[in-house]
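[1] Next come a sequence and a model predicted from it.
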Amino acid sequence: MHNDDAVAGRIHSIETFGAVDGPGIRYVVFFQGCRLRCLYCHNPDSWAVGGGKEVTVGKLLEDIAAYRNFIKSGGVTLSGGEPLLQPEFAAALLRGCRRLGFHTALDTAGSVPLEVSQEVIDLSDLLLLDIKSYDPGLCEKLTGSESAHSLALKTLEYCESIGKPVWIRHVLVPGYTLSPPLLEKLAEYLSGLSCVKRVDLLPFHKMGEYKWAELNEPYQLYETPAPSSEELRQATEIFRNHHLIYETERKWL
């Protein structure tokens, strides 16, 4: 048994045929625990650091290997929650996936200092980086965190410095992030980074509202509608005009 196999962590859930969390069909491990409190989060049940279930890297790798034929042209994605809150567990799992020959992706908000996250970033083949807002004040309003904005940009700048491929994810929330001037500023910034290979514009959706009620958490977006097709088209056009590779996620349209 490899030394990493005994490393344990807490996970929220697993998706064995993920199609929207990186290239190809992927085995997605959703880590438990997140310090951000995003207004539009559709998995608030993943917030509690001590929640979920404990599992070892060895057990996860056994299960991942069983899906090799299905994910061999895709890979494994670490999502959450926030995987970077469990850096030892995440790093051990990534090393294991590398030994097995799987492509790896890290889905993160980048809201952890680089001195904690750097090894995990280095071990990942691809980052799926969730930029909450390019505006610091709005980012704090959306996440409840004063540092989320600066840490995310530092994460992205580190990826630029080492040439780590990044797919940007940005949720379009009417009344918040779905603002042409804000989107223009974000697109202009991203267009100057060679590490950014793709931008996914994710429409805000209503599917997770019931979880907030079940957890007795105050939800502020009951009256916020999903974006219209025309609003999505206009947002996409902004990123096209900046020559960014983009795709509009159609899962919730």
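    Received, thanks. Residues are numbered from 1 along each chain as shown.
[2] any idea where the helices of the chain begin and end?
    Using DSSP state H, the helices of the chain run over residues 57-66, 68-71, 87-100, 114-123, 136-143, 148-162, 180-190, 209-214, 229-241.
[3] can I get these in TSV with mean neighbour count?
    (C-beta placed from N, C-alpha, C; glycine too.) Below are the helices of the chain laid out as TSV (neighbours: other Cβ atoms under 10 Å):
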stretch	mean neighbour count
helix 57-66	17
helix 68-71	14
helix 87-100	21
helix 114-123	17
helix 136-143	18
helix 148-162	18
helix 180-190	17
helix 209-214	14
helix 229-241	15
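[4] do you know which of those helices lies nearest Ile168?
    Among those, the nearest to Ile168 by Cβ to Cβ is helix 180-190 (6.1 Å).
[5] quick one: contacts of that closest one?
    131, 133-135, 138, 168, 170, 177, 196, 199, 234-235, 238-239, 241-242, 244 (Cβ atoms under 8 Å, 6 or more residues apart in numbering).
[6] circling back: could you tell me the least trusted of the helices of the chain?
    When the helices of the chain are compared by mean pLDDT, helix 209-214 comes last with a mean of 91.
[7] Just name whatever secondary elements that one is in contact with.
    With contacts defined as 3 or more Cβ pairs under 8 Å, 6 or more residues apart in numbering; DSSP states H and E, helix 209-214 has no helix or strand neighbours.
[8] May I have it as PDB, with CA atoms only?
    The C-alpha trace of helix 209-214 is given here as PDB (Å, rounded to 0.1, in the frame of the first residue of the first chain):
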ATOM      1  CA  GLU A 209     -33.400  26.700  -2.800                       C
ATOM      2  CA  TYR A 210     -35.100  23.900  -0.900                       C
ATOM      3  CA  LYS A 211     -31.800  23.000   0.800                       C
ATOM      4  CA  TRP A 212     -31.500  26.400   2.400                       C
ATOM      5  CA  ALA A 213     -35.000  25.900   3.900                       C
ATOM      6  CA  GLU A 214     -34.100  22.400   5.100                       C
END
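[9] Tell me what the residue positioned nearest the centre of the chain is bridged to.
    Centroid-nearest residue in the chain: Asp107, 3.3 Å away (criterion: Cα atoms, centre = their mean). Beta-bridge partners for Asp107, by DSSP bridges, are Leu128.
[10] my guess is it contacts Val120, does it?
    No - proximity of Asp107 to Val120 does not meet the contact threshold set by Cβ atoms under 8 Å, at 11.7 Å.
[11] if I look at these two, which residues touch both of them?
    Common neighbours of Asp107 and Val120 (Cβ under 8 Å, 6+ apart) are Pro83.
[12] Show me what the lengthiest strand in the chain is packed against.
    Secondary structure of the chain read by DSSP state E shows that its longest strand is strand 8-18. For strand 8-18, the helices and strands in contact under the criterion 3+ Cβ pairs under 8 Å, 6+ apart are strand 26-31, strand 53-56, helix 57-66, helix 87-100.
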